[in-house]
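S.K.: Prediction below, plus the sequence it came from.
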Amino acid sequence: MRYLRLVTILIFVAACALLCWTLYSISLRDTAVPKIMDSVGQLHLSVSDDAGALMQGLTATDDRDGDLTDRILVERVSRFSQPGVCQVSYVVFDNSNNFCRYQRTVVYDDYESPRLQLEQPLMYRMGEQIAIMDRIRLHDCLDGDITYKLKLESSNVPADTTGVYEIELYATNNYGDDIYAKIPLNIGVYSADAPQILLKQYLAYAKVGEDFAPLAYVESVEDRAGTPIPVDQVKVISQVDLSKPGGGQICFEVTDQRGVTGITYLTVIVEES
């Protein structure tokens, strides 16, 4: 009995010691979450700002680890609720892996929807293979080149019949901004011996009701020998209605001294002002 009582006492003492150690360990454990403070609130940025600009006005502290500002991370950027406006979520961890989340509205004041670009005019000789997507690019002011997101929604262009046909293009950028455009494509009989009209770009955007100067897009005009032709000799034929959203194309024509006419096209997309 004496030994049993001694064993019981030892077990009780050991249990008490373990309990005390557990309570002491718990008292040392860091369970307090850090805090993120924001001195700005709704953040206004430019699309030219770098990723670090998303951190403006944010600081983080922890009661044990002190300043954690340099540990703040962007956890998630939402899709736009309206063009240029998104919600950005942030997170910060302390040394004990306690964490805090914070969310605020970020507005890109100079945001524009993705812009189509044409590297060549959409004009093809009758019978020529039509590779539309080889000539079109899509640029986003935040994500850069997103041509890989561009889809040809519909196209019914017979390569063996001259005429002007319409193609439909669609894309969504990484922020959920959709673009949709109908643009003309030309099939014709174009002489390789004709004078050349080179444009600064082959697709332009215009606003409803604003003035538009087509000749400002002409880079150079030359005859087949490379001799310059004055730009004021270029005839402009516009099929663009600037009174409403939509688009169309502007045809540029020039005739050399031999009576041979060269043409090119500028595609114009008209947006709400």
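M.R.: It's in.
S.K.: okay, now the domains of the protein?
M.R.: Here the domain parsing of the chain from automatic domain parsing is 35-108, 112-190, 191-273.
S.K.: possible to save these as JSON lines with mean neighbour count and mean pLDDT?
M.R.: For the C-beta atoms, the positions are set from N, CA and C on the backbone; glycine is no exception. What follows is those, written out as JSON lines (neighbours: other C-beta atoms under 10 Å; pLDDT from 0 to 100):
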{"stretch": "domain 35-108", "mean neighbour count": "15", "mean pLDDT": "95"}
{"stretch": "domain 112-190", "mean neighbour count": "15", "mean pLDDT": "91"}
{"stretch": "domain 191-273", "mean neighbour count": "15", "mean pLDDT": "93"}
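S.K.: what lines up beside the strand or helix carrying residue 265 in the sheet?
M.R.: Applying DSSP states H and E as the criterion places residue 265 in strand 261-271. With DSSP bridges as the test, strand 261-271 is paired with strand 203-207 (parallel), strand 246-255 (antiparallel).
S.K.: Nearest to residue 266, out of those?
M.R.: strand 246-255 (4.5 Å; C-beta to C-beta).
S.K.: mind checking how far the closest one is from the chain centre?
M.R.: With C-alpha atoms, centre = their mean, to the nearest Å as the basis, strand 246-255 stands 29 Å off its chain's centre.
S.K.: One more: stretch 253-267?
M.R.: On C-alpha atoms, centre = their mean, the centre of stretch 253-267 falls 36 Å from that of its chain.
S.K.: now swap in stretch 173-192 and tell me
M.R.: Here the centre of stretch 173-192 is set off from its chain's centre by 18 Å, with C-alpha atoms, centre = their mean.
S.K.: try stretch 55-75
M.R.: With C-alpha atoms, centre = their mean as the basis, stretch 55-75 stands 29 Å off its chain's centre.
S.K.: Same check on stretch 140-147?
M.R.: For stretch 140-147, the distance to the chain centre is 4 Å (C-alpha atoms, centre = their mean).
S.K.: Quote the end-to-end distance of it.
M.R.: Start and end residues of stretch 140-147 are separated by 9 Å (C-alpha to C-alpha, to the nearest Å).
S.K.: Offset the numbering so it begins at 341, please.
M.R.: Let's use 341 as the start, then, which means that last one is stretch 480-487.
S.K.: Touching, residue 608 and residue 585? I think so.
M.R.: No. Between residue 608 and residue 585 there is no contact under C-beta atoms under 8 Å: 11.5 Å.
S.K.: CA-only coordinates of stretch 509-527, as PDB, when you get a sec.
M.R.: The C-alpha trace of stretch 509-527 is given here as PDB (Å, rounded to 0.1, in the frame of the first residue of the first chain):
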ATOM      1  CA  LEU A 509     -13.900  40.500 -83.000                       C
ATOM      2  CA  TYR A 510     -14.400  39.900 -79.300                       C
ATOM      3  CA  ALA A 511     -12.100  39.800 -76.200                       C
ATOM      4  CA  THR A 512     -12.100  40.100 -72.400                       C
ATOM      5  CA  ASN A 513      -9.100  41.400 -70.600                       C
ATOM      6  CA  ASN A 514      -7.900  40.100 -67.200                       C
ATOM      7  CA  TYR A 515     -10.100  42.600 -65.400                       C
ATOM      8  CA  GLY A 516     -13.300  41.400 -67.100                       C
ATOM      9  CA  ASP A 517     -13.600  44.300 -69.500                       C
ATOM     10  CA  ASP A 518     -15.200  43.100 -72.700                       C
ATOM     11  CA  ILE A 519     -14.600  44.600 -76.100                       C
ATOM     12  CA  TYR A 520     -16.500  43.900 -79.300                       C
ATOM     13  CA  ALA A 521     -15.900  45.400 -82.700                       C
ATOM     14  CA  LYS A 522     -17.200  45.000 -86.200                       C
ATOM     15  CA  ILE A 523     -14.700  46.100 -88.800                       C
ATOM     16  CA  PRO A 524     -14.600  45.900 -92.600                       C
ATOM     17  CA  LEU A 525     -12.300  43.700 -94.700                       C
ATOM     18  CA  ASN A 526     -11.700  44.300 -98.400                       C
ATOM     19  CA  ILE A 527     -11.200  41.900-101.200                       C
END
